[in-house]
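# A structural model of the following input is requested.
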Amino acid sequence: MTTPTPSAKAGANPLVKALQGALDAEHAAVYGYGVAGGRLAGAAQTQART
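As a prediction, the model looks like this:
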């Protein structure tokens, strides 16, 4: 399996870094809901969905 290597230009652009940080946070939120969501019930589940 190969791992992509970012170009030097992509790492130097602050906008790209900010967007990557936002995307990382979104992925973490989706993962966290998947882990916790199956264990929630009732009011806690309703609150997590809003």
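
# tell me which element G32 falls in.
Element membership for G32, per DSSP states H and E: helix 14-37.

# Output the contacting helices and strands for that helix.
For helix 14-37, the packing partners by 3 or more C-beta pairs under 8 Å, 6 or more residues apart in numbering; DSSP states H and E come out as helix 42-49. (Each C-beta comes from the backbone N, C-alpha and C, glycine too.)

# returning to that earlier point: okay, angle between the helix holding G32 and helix 42-49 too, please.
Taking axes from the mean of the first three to the mean of the last three C-alpha atoms, to 10 degrees, one finds helix 14-37 and helix 42-49 inclined to each other by 160 degrees.

# I'd like the distance from helix 14-37 to the chain centre, please.
Per C-alpha atoms, centre = their mean, to the nearest Å, the displacement of helix 14-37 from the mean C-alpha position of its chain is 2 Å.

# So which residue is smack in the middle of this structure?
Nearest to the geometric centre of the chain sits H27, at 1.8 Å (C-alpha atoms, centre = their mean).

# ok, and what's touching stretch 40-50?
The contact list for stretch 40-50 (C-beta atoms under 8 Å, 6 or more residues apart in numbering) reads Y33, A36, G37.

# List buried residues within those residues.
When neighbours are counted using 16 or more other C-beta atoms under 10 Å, the contacts of stretch 40-50 contain no buried positions.

# In a markdown table, list those residues along with distance to L15.
What follows is those, written out as a markdown table (distance: C-beta to C-beta, whole Å):
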| residue | distance to L15 |
| --- | --- |
| Y33 | 27 |
| A36 | 32 |
| G37 | 32 |
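
# Which positions within the helix holding G32 qualify as buried?
For helix 14-37, the neighbour count (16+ other C-beta under 10 Å) marks no residue as buried.

# Can you show me the CA trace of that helix as PDB?
Extracted in PDB, the C-alpha atoms of helix 14-37 (Å, rounded to 0.1, in the frame of the first residue of the first chain):
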ATOM      1  CA  PRO A  14      -2.400  28.500   5.300                       C
ATOM      2  CA  LEU A  15      -5.800  28.200   3.700                       C
ATOM      3  CA  VAL A  16      -5.200  24.600   2.800                       C
ATOM      4  CA  LYS A  17      -4.000  24.000   6.400                       C
ATOM      5  CA  ALA A  18      -7.100  25.600   7.800                       C
ATOM      6  CA  LEU A  19      -9.400  23.600   5.600                       C
ATOM      7  CA  GLN A  20      -7.600  20.400   6.400                       C
ATOM      8  CA  GLY A  21      -8.000  21.200  10.100                       C
ATOM      9  CA  ALA A  22     -11.700  21.800   9.700                       C
ATOM     10  CA  LEU A  23     -12.100  18.500   7.800                       C
ATOM     11  CA  ASP A  24     -10.200  16.700  10.500                       C
ATOM     12  CA  ALA A  25     -12.600  18.100  13.100                       C
ATOM     13  CA  GLU A  26     -15.600  17.000  11.000                       C
ATOM     14  CA  HIS A  27     -14.200  13.500  10.600                       C
ATOM     15  CA  ALA A  28     -13.700  13.300  14.400                       C
ATOM     16  CA  ALA A  29     -17.300  14.400  15.100                       C
ATOM     17  CA  VAL A  30     -18.700  11.900  12.700                       C
ATOM     18  CA  TYR A  31     -16.600   9.100  14.200                       C
ATOM     19  CA  GLY A  32     -17.500  10.100  17.700                       C
ATOM     20  CA  TYR A  33     -21.200  10.100  17.000                       C
ATOM     21  CA  GLY A  34     -20.800   6.600  15.500                       C
ATOM     22  CA  VAL A  35     -19.100   5.400  18.600                       C
ATOM     23  CA  ALA A  36     -21.300   7.100  21.200                       C
ATOM     24  CA  GLY A  37     -24.600   7.100  19.100                       C
END
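
# Right, I'll call it a day here.
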